[in-house]
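Visitor: the sequence isn't on hand, but the structure is:
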């Protein structure tokens, strides 16, 4: 696997759709990127329809069924953070971009900081 320059962290279909112009530009410029999907929605059809071809497409399991209820989400935070830190530690991207809901963005920011990523 090539060095991944940038990882996009997305949770829902709408968030991935917002990233598509940038992802297609990266593909055209041959910039290696990855996608970490927190699985609030299924995105396989979008990836196929837009011919998105990241070097890595990782679906996280800890985020499945994450609630928008603040108190329940707070209890899920340690598990979510641990899984995302592990994946970022393995990929070691130069940059992390999160296009996400509040919980995804918060956890992604903490994980990137904890793994010393920009």
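Guide: Yep, that arrived. Not measured: the values here are computed from a predicted model.
Visitor: by contact count, what packs against the lengthiest helix in the chain?
Guide: Counting residues, the longest helix in the chain under DSSP state H turns out to be helix 70-91. Applying 3 or more C-beta pairs under 8 Å, 6 or more residues apart in numbering; DSSP states H and E, we find helix 70-91 packed against strand 6-10, strand 33-37, strand 56-59, helix 102-114. Any C-beta I mention is one placed from the backbone N, CA and C, and that applies to glycine too.
Visitor: for the record, mean pLDDT for that helix?
Guide: Across helix 70-91, pLDDT averages out at 83.
Visitor: contacts for that helix?
Guide: 4, 7, 9, 34, 36, 38, 56, 58, 60-63, 66-67, 96, 103, 107-108, 110-112, 114-115, 117 (C-beta atoms under 8 Å, 6 or more residues apart in numbering).
Visitor: could you look over the helices and strands packed on helix 70-91 and pick the most buried one?
Guide: Comparing those by mean neighbour count (mean count of other C-beta atoms under 10 Å), strand 6-10 ranks first with a mean of 25.
Visitor: for it, packing partners?
Guide: Using 3+ C-beta pairs under 8 Å, 6+ apart, strand 6-10 sits against helix 13-29, strand 33-37, helix 70-91, strand 95-99, helix 102-114.
Visitor: now with 10 Å?
Guide: Secondary-structure packing of strand 6-10 (3 or more C-beta pairs under 10 Å, 6 or more residues apart in numbering; DSSP states H and E): helix 13-29, strand 33-37, strand 56-59, helix 70-91, strand 95-99, helix 102-114.
Visitor: and the fifth one, which strands flank it?
Guide: Strand 95-99 pairs in its sheet with strand 6-10 (parallel), by DSSP bridges.
Visitor: in this structure, what helix or strand scores lowest on average pLDDT?
Guide: helix 70-91 (a mean of 83; mean pLDDT, DSSP states H and E).
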